[in-house]
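Peer 1: Generate a structure from the sequence data that follows.
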Amino acid sequence: MVRNLSAGGACLELEYPVGIPREFVLVMDSDRVSFDSRVVWTGPHHIGVAFQ
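Peer 2: From the prediction side, this is the model:
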């Protein structure tokens, strides 16, 4: 679930952030947009990504 979204990145809430690749494409189906993303920080149930 996207918890925070800005022009430069997002905070994503995950039940288990284990196994998330360092770089991936974040697809927002509701807006029909996608972002090339890079993980910049991790927490127990959240990750922060920067858009490339």
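Peer 1: Now do the lengthiest strand in the chain: distance to the chain's middle.
Peer 2: Of all segments of type strand in the chain, defined using DSSP state E, the longest is strand 33-42. Its chain's C-alpha centre lies 5 Å from the corresponding centre of strand 33-42 when counted by C-alpha atoms, centre = their mean, to the nearest Å.
Peer 1: Enumerate residues external to it that contact any of its residues.
Peer 2: Contacts with strand 33-42, where a contact means C-beta atoms under 8 Å, 6 or more residues apart in numbering, come from 9-10, 17, 20-28, 47-52. Where C-beta positions appear, they are placed from N, C-alpha and C, glycine not excepted.
Peer 1: Quick check: what element follows that strand along the chain?
Peer 2: strand 46-51 (DSSP states H and E).
Peer 1: about what we covered before: filter the contacts of strand 33-42 down to the buried ones and express that as a PyMOL selection.
Peer 2: Selecting just the buried residues from the contacts of strand 33-42 in PyMOL takes one command, with 16 or more other C-beta atoms under 10 Å as the test:
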select buried, resi 9+10+26+47+48+49
